[in-house]
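> Using only what follows, build the 3D model:
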Amino acid sequence: MANSPFALAGGNPGVAIVRRSFLSGMAAHRIFHVTFYKCGSQWVRDLLSDPAIVAHTRCPLVANGVDIPSQPWPIWLGPGLASPLYSASYVDWLERPNPDPEDRCFVVTRDPRDLVVSLVISLRQSHTPNQETALLRTPFRNASRDDQIRLGCHLFRFWALPL
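Numbers count the residues shown, from 1 in each chain. Predicted coordinates for the structure are as follows:
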């Protein structure tokens, strides 16, 4: 963890502290948090948009929950944080509108096996109902455990295609 932007709080592996040097590198830039669904995106957004962190970075939350394949890349002038941006590829990053050499991007991902299991549980029972979950919830609930994982892998593969 020597080169990591995070440190463990009191040796507790469940609590991470963001190193001040990492936050200083974010100060007064446009920051883009790129991730996939089910990768702790809300936790990261909440941490980096906390008033104590924003006071240090001077990067307020300016865009939230943007699905890059179906929504436009966020555009704004001045420092700020766009978090999370889902399913953006490296090509999406290179082709973003109004690029600035001072723009910063960080990617948060998760072990794909954990992601698939979390996705299956979320779609089957816990995710807030919307058009997609309403369509998928019954098939997930009626499928065997193995078929649920196969469906989750298929959905994950679909999300990963742009990369």
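> neighbouring contacts of stretch 88-100?
Residues from elsewhere that reach stretch 88-100 (C-beta atoms under 8 Å, 6 or more residues apart in numbering): 30, 32, 34, 68, 72-73, 75, 103, 105, 162-163. The way it works is simple: take the backbone N, C-alpha and C, and place the C-beta from them, glycine included.
> So for that stretch, what gets flagged as buried?
88, 92-93, 96 (16 or more other C-beta atoms under 10 Å).
> now, which of those residues lie within helices?
92-93 (DSSP state H).
> one step back: ok, the contacts of stretch 88-100 vs Thr57, which is closest?
Arg30 (11.4 Å; C-beta to C-beta).
> Next one: the nearest residue to that closest one once chain neighbours are set aside from Asn130, what distance?
Using C-beta to C-beta, 6 or more residues apart in numbering and skipping the chain neighbours, the partner closest in space to Arg30 is Asp103 (4.9 Å). Using C-beta to C-beta, to the nearest Å, Asp103 is found at 31 Å from Asn130.
> Of those two, which one has the most company?
Asp103 (13 against 8; other C-beta atoms under 10 Å).
> ok, so what distance separates the more buried one from Ala63?
13 Å.
> In CSV, list the contacts of stretch 88-100 along with secondary structure, pLDDT and distance to Leu47.
Conversion of these to CSV gives the following (DSSP: H, G, I helix; E, B strand; the rest coil; pLDDT from 0 to 100; distance: C-beta to C-beta, whole Å):
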residue, secondary structure, pLDDT, distance to Leu47
Arg30, strand, 91, 18
Phe32, strand, 93, 16
Val34, strand, 93, 16
Ile68, coil, 90, 21
Pro72, coil, 93, 25
Trp73, coil, 93, 23
Ile75, coil, 93, 24
Asp103, coil, 91, 20
Cys105, strand, 90, 17
Pro162, coil, 44, 26
Leu163, coil, 39, 24
